[in-house]
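S.K.: Build the 3D model from these lines:
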Amino acid sequence: MPERFYYSDSISVFLTKTTNEIIGKLARAAQHDINDETTDSWVEEIDVLKNAPSTTVS
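M.R.: Numbering: from 1, shown residues only. The predicted structure follows:
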C-alpha cells in the first residue's frame, strides 16, 4: 500500500530543513507530473507552516 503522505518529519526537523530540501522530498514521492503550479503551491504551504506561530500546551 502506498504511503499516504509525501513528507514526514518532526516539527523541529521540518524547521531546520530548507524549502528546497522539502520540495525535493515531495517531488521524489509524487506519483504524478509536477508542474509549476504544484511547486509554487508547495513553496507557499511550506512558508506558511514555517512562519506559523508556535504555541505550547500547559
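
S.K.: Could you pull up phi and psi at Gln18?
M.R.: No, residue 18 isn't Gln; it's Thr. For Thr18, the backbone dihedrals (degrees, to the nearest 10) come out as phi -80, psi 160.

S.K.: contacting residues for it?
M.R.: By CB atoms under 8 Å, 6 or more residues apart in numbering, the contact list for Thr18 is empty. (C-beta placed from N, C-alpha, C; glycine too.)

S.K.: Per-residue pLDDT of it, please?
M.R.: On the pLDDT scale, Thr18 is placed at 97.

S.K.: Flag the shaky bits of this protein, pLDDT-wise.
M.R.: 1-3, 55-58 (pLDDT under 70).

S.K.: And the helices in it, which stretches?
M.R.: Along the chain, the stretches classed as helices by DSSP state H are 11-16, 19-29, 36-50.

S.K.: Is it possible to get JSON lines of the ones you listed that adds mean neighbour count and distance to Phe5?
M.R.: Shown next, in JSON lines, are these (neighbours: other CB atoms under 10 Å; distance: least, CB to CB, whole Å):
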{"stretch": "helix 11-16", "mean neighbour count": "10", "distance to Phe5": "13"}
{"stretch": "helix 19-29", "mean neighbour count": "14", "distance to Phe5": "8"}
{"stretch": "helix 36-50", "mean neighbour count": "12", "distance to Phe5": "13"}
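
S.K.: Looking at those helices, which is nearest to Arg4?
M.R.: Closest to Arg4 of these is helix 19-29 (CB to CB; 10.8 Å).

S.K.: Appreciated, that's everything.
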